[in-house]
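Participant: got a predicted structure here, sequence first:
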Amino acid sequence: MNKIAFLYGAETRRLKKIVHKTRDKDLCRRANAVLLVLKGETKSQVARVLQAGRSSVNRWVTWYEAAGIDGLKTKGAGRPPSQPKGFICGVLKLLVRTLGYQRSRWSSELFALLLHKLYRIVIHSSTLRRWLPQVGIVWRRAAPTLYIQDPDKEAKLAAMREALENCSVDHPVFYQDEVDIHLNPKIGADWGFKGKQRKVATPGQNKKHYLAGALHSQTGQISYVGGERKTSDLFIALLEQLKGQYRRAKSITLIVDNYIIHKSKKTQKWLNENPKFKLLFLPVYSPWHNKIEKLWHALHETITRNHQCKNMDDLLEQVYHFMDTAAPFPGGKHGLKQVYHN
């Protein structure tokens with residue numbers, strides 16, 4: 001037949017409405033072709049007007065006669081999914097909770113093998129890697145933790161909170177810790193051209209230097225001293241510096257970790273001679289409560305990661321310049337400071 005045998009008025013109006021309002025250009029073209037054939041145009045004429053093949057017009061008319069307007073609608077691009085994605089994702093959620101194999105962690109390859117073994121579903125591991133994040137399963141580094149718990153953890157944290165709440169000009173509170181500076185650079189990722197891995201020359205024999213620092217909990221001001229050895233003398237040198245910088249303070253509180261130099265007899269003797277100083281010890285294995293750790297992280301990311309210094313003097317010059325320009329921390333924009341030269 002060259003014409004559609006019969007067409008309801010309501011269907012004609014729907015076709016016209018689709019032509020006027022649809023954003024699907026392919027559906028608009030098909031509906032227009034059907035309307036032109038309805039008006040008495042031959043399929044060859046319609047094909048010339050719409051710049052389409054006559055076979056296409058025949059196909060569109062056949063679709064319409066078989067399924068109405070639904071037959072003209074555009075189907076999704078690509079092949080229909082051949083795998084039961086919803087079912088597979090549900091199985092993956094159950095599997096990830098228990099391993100049960102001689103492995104310490106899951107892999108996408110093991111997921112694929114198990115799906116084939118249990119349900120005869122053939123699916124590539126790369127497809128599973130693409131689907132897993134869609135159901136909330138991501139590849140993440142594990143966080144180390146310890147079974148050892150500090151029985152006085154809550155009491156120590158409560159004392160820290162109380163000291164921080166009462167921090168003032170007369171009663172400053174500091175986060176304190178030490179950091180190791182290595183001449184051999186810490187290696188880390190960096191932006192570079194594809195296929196050209198950056199080379200970082202290492203001096204060979206490593207040398208170390210140590211900093212003891214104190215970060216004011218309110219102002220972000222930094223006090224620090226350096227030394228060749230991480231001993232009680234280094235810690236006491238920092239305390240002496242704080243004593244001179246905050247002479248008018250009635251009390252000075254330091255939040256410290258449980259390293260031996262903070263508890264040594266030499267340190268205890270100095271503290272007994274200077275009663276305005278008070279040490280609050282962190283719960284064991286809880287370094288994240290000490291905010292000066294973020295300062296050390298920034299120091300490594302800014303200075304010691306992939307550094308090109310050939311000797312310790314050049315490296316320490318950059319380290320000290322960082323420490324002098326990082327305050328107030330955070331917010332000192334240390335990463336935007338120009339390189340320091342004498």
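Facilitator: Good, I have the coordinates. Numbering: from 1, shown residues only.

Participant: so which residue is dead centre in this structure?
Facilitator: Nearest to the mean C-alpha position of the chain, counting by CA atoms, centre = their mean, stands Arg140 at 9.9 Å.

Participant: give me the secondary structure label for that one.
Facilitator: At Arg140, secondary structure determined by DSSP: H, G, I helix; E, B strand; the rest coil is coil.

Participant: and for Ala47?
Facilitator: Three-state call for Ala47 (three-state DSSP): helix.

Participant: Arg248 now?
Facilitator: coil.

Participant: distance of it relative to Glu165?
Facilitator: Counting by CB to CB, to the nearest Å, the gap from Arg248 to Glu165 is 21 Å. Every C-beta, even on glycine, is put in place using the N, C-alpha and C of the backbone.

Participant: sorry, back to before: can you tell me which residues contact the residue nearest to the centre of the chain?
Facilitator: Residues in contact with Arg140 (CB atoms under 8 Å, 6 or more residues apart in numbering): none are found.

Participant: give me phi/psi at it?
Facilitator: Main-chain dihedrals, Arg140, degrees, to the nearest 10: phi -130, psi 150.

Participant: ok, the nearest residue to Thr231 once chain neighbours are set aside - contacts?
Facilitator: The shortest distance from Thr231 to any non-neighbouring residue, by CB to CB, 6 or more residues apart in numbering, is to Ile261 (6.0 Å). Counting by CB under 8 Å, 6+ apart, Ile261 makes contact with Glu178, Lys230, Thr231, Ser232, Leu234, Phe235, Thr267.

Participant: repeat the analysis, applying 10 Å as the threshold.
Facilitator: By CB atoms under 10 Å, 6 or more residues apart in numbering, the residues touching Ile261 are Glu178, Ala212, Arg229, Lys230, Thr231, Ser232, Asp233, Leu234, Phe235, Ile236, Thr267.

Participant: just flag the most distant two among those.
Facilitator: Arg229 and Thr267 (14.5 Å; CB to CB).

Participant: which of the two has more residues huddled nearby?
Facilitator: Using other CB atoms under 10 Å as the criterion, Arg229 and Thr267 rank with Thr267 on top: 20 against 11.

Participant: now the contacts of Ile261 as TSV including distance to Asp26, pLDDT and secondary structure?
Facilitator: Below are the contacts of Ile261 laid out as TSV (distance: CB to CB, whole Å; pLDDT from 0 to 100; DSSP: H, G, I helix; E, B strand; the rest coil):
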residue	distance to Asp26	pLDDT	secondary structure
Glu178	69	97	strand
Ala212	72	97	strand
Arg229	77	95	coil
Lys230	73	96	coil
Thr231	79	96	coil
Ser232	80	96	helix
Asp233	81	97	helix
Leu234	76	97	helix
Phe235	76	97	helix
Ile236	81	97	helix
Thr267	80	97	helix
